[in-house]
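Colleague: Dropping the sequence and predicted coords here.
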Amino acid sequence: MKFLVGTNNKNKFEQFKFIFAYYGADNIQLVSLAELGITDDVEEDKNTLLGNARKKAKFFAEKSGLTTIADDTGFFVEALDGFPGIKAKRWLKGTERDRNLAILEKMEGVPEEKRGCRYRGVVAVYNPQSKKFWQAENDCEGVITKELYPGGFGYDGIFYIPHFRKTYGQLTEEEKISINFRGRGVKEFLDFLQKGGTL
């Protein structure tokens, strides 16, 4: 079984590979956009994570002819009324570091008990032959730190996981799989396939 991973983000592609291997999915081959020479970017202009994930999965599936896995992630900060939400990567021009530092600045003076946040993400799979979707949505809860720590990408350096006493960027890949939407979503998808589910 061969699936295309609909992302140009190398970190994300490697994480998908690691997750499938972790769950022993030896019968599944993951292919990157780069391997197929696909360089397109898909504009994430839907107003939900599910809409964006489905749009990316469908676009790359139709372009390649392969069943495609894509995802979309949002970062929601409680004290900021859920900001930046689904525009986590697009609300501020600049680097990931710039966006992390800007969030910390907005959170200056906010007490510990009000620094809750979550990663929310959707994994979507689309089969261009049957024109059918499969999808899963999951949350990962944490707390905004008071400084930026090294490790990871996105907001991992300011996202503290009390259960592990580490920032998300400091977690091992195995620890991430147990709590993040991508690991949990892939597990749900593999369970779906194992139970005879088809797309």
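Modeller: That came through, no problem. This is a predicted model, so every value here is computed, not measured.
Colleague: where along the chain do the helices fall?
Modeller: Secondary structure of the chain, counting by DSSP state H: helices at 10-22, 49-64, 96-106, 173-179, 181-194.
Colleague: tell me, what residue is most central in the chain?
Modeller: Geometric centre of the chain, nearest residue: T73, 4.5 Å, by C-alpha atoms, centre = their mean.
Colleague: nearest residue to that residue other than its sequence neighbours?
Modeller: Closest residue to T73 apart from its sequence neighbours, by C-beta to C-beta, 6 or more residues apart in numbering: G121 at 4.2 Å. For every residue, glycine as well, the C-beta is placed using N, CA and C.
Colleague: For the spatially most distant residue from the centre of the chain, give its distance to R120.
Modeller: Distance to the chain centre peaks in the chain at G109, reaching 29.1 Å (criterion: C-alpha atoms, centre = their mean). Distance, G109 to R120, using C-beta to C-beta, to the nearest Å: 26 Å.
Colleague: Which per-residue confidence value corresponds to D40?
Modeller: In this prediction, D40 carries a pLDDT score of 93.
Colleague: cool, W91 as well?
Modeller: 89.
Colleague: right, and it touches I103 too?
Modeller: No: applying C-beta atoms under 8 Å, one finds W91 not in contact with I103, separated by 9.7 Å.
Colleague: Just want to know which of those two has more residues nearby.
Modeller: I103 (24 against 14; other C-beta atoms under 10 Å).
Colleague: any idea how far that one is from V77?
Modeller: Taking C-beta to C-beta, one finds I103 at 7 Å from V77.
Colleague: show me what contacts K56?
Modeller: Applying C-beta atoms under 8 Å, 6 or more residues apart in numbering, we find K56 in contact with G6, T7, V42, E44, T68, A70, D71, D72, A124.
Colleague: one step back: bridging residues for the residue nearest to T73?
Modeller: T73, N138 (DSSP bridges).
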